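*Asks:* pasting the sequence and the predicted model now:
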Amino acid sequence: MALINLTSIQPTGYTVLDDGAVPGEGENVAIGVDRLLHEGDAFFATAGSVGVIIDTETPFAKLTQIVEKIGFAIVDFPAFADGRGFSLAVRLRKDFGFKGEIRATGPVIPDQALFLLRAGFDTVETTDARKPAFEAALERFPAFYQTDFGGQLSVAHARHTQGGQITEEQRLSRKAPERQREAS
C-alpha cells in the first residue's frame, strides 16, 4: 500500500487493534467508533495517539462524544461512488474544528484527489500502482471556482480583489496545514 500525503501534515503511524486487544503503553492505535465509545476514558490513558475508524454509515452524532479525544480519523470508503466520507471530513473540520489527520481508505480513485483535499483529508491509502496518478491529479487544477472548507480564495474572489491574478501563495495554500494537532 502507498500513502499519499495531500497536505504537508506528518502522517500518523498506527496499529489497528483487533477486538479484545489492548494497546501497549504509548502505542498509536486505531479502533472502530462503537468500541471506542464502549472503552471509555481509561483507553485514552494507556494508548498513545488514538484514532477512530469511521465507516460511511456512522451517524455523525456518535462522533460528537469522542472527536475532542481522538488524534486522527480514518474514513473507510466502501466504494469510490460513496460520497458520505467527504461529508464526514467536512463536518469534522467545520463543525468540530478537528485539527488531527483525516485519512481516506478504501477504493478511492485518483480523480477524487483534489476533492479529498478540499473536503479536509490529509492522507489517502491507495495501491502502489495508483500513487503516480494521485500525485499527478493533485497538480491538475491550480485554482477553483468554489471556496473549500478552509476558505481557500476562489477564482471569482481573486479576480475582484487582485485584478484577476491568483498569487502563488494562494495557489499553494492547500499545502499549508494550519490544523496540526498540538502535542499533548
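*Replies:* Received, thanks.

*Asks:* show me where this structure has helices.
*Replies:* 33-39, 41-46, 60-63, 84-96, 113-119, 131-137, 155-161, 168-171 (DSSP state H).

*Asks:* so of those helices, which one's packed in deepest?
*Replies:* Each of those was scored by mean neighbour count; the highest is helix 113-119, a mean of 21, by mean count of other C-beta atoms under 10 Å. (C-beta placed from N, C-alpha, C; glycine too.)

*Asks:* rewinding a little: ranking the helices of the chain by mean pLDDT, which is last?
*Replies:* Lowest mean pLDDT of the helices of the chain: helix 168-171, a mean of 58.

*Asks:* coming back round to it: so can I have JSON lines of the helices of the chain showing distance to I4?
*Replies:* Output for the helices of the chain, formatted as JSON lines (distance: least, C-beta to C-beta, whole Å):
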{"stretch": "helix 33-39", "distance to I4": "24"}
{"stretch": "helix 41-46", "distance to I4": "29"}
{"stretch": "helix 60-63", "distance to I4": "24"}
{"stretch": "helix 84-96", "distance to I4": "15"}
{"stretch": "helix 113-119", "distance to I4": "7"}
{"stretch": "helix 131-137", "distance to I4": "5"}
{"stretch": "helix 155-161", "distance to I4": "25"}
{"stretch": "helix 168-171", "distance to I4": "19"}
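
*Asks:* these: which one's closest to T7?
*Replies:* Nearest of the helices of the chain to T7, taken as C-beta to C-beta: helix 113-119 at 7.2 Å.

*Asks:* which elements pack onto that closest one?
*Replies:* With contacts defined as 3 or more C-beta pairs under 8 Å, 6 or more residues apart in numbering; DSSP states H and E, the packing partners of helix 113-119 are helix 84-96, helix 131-137.

*Asks:* quick one, which of the helices of the chain gets closest to S8.
*Replies:* Comparing those against S8 with C-beta to C-beta, the closest turns out to be helix 113-119 (11.7 Å).

*Asks:* chain center to that closest one: distance?
*Replies:* Chain-centre distance of helix 113-119: 9 Å, with C-alpha atoms, centre = their mean, to the nearest Å.
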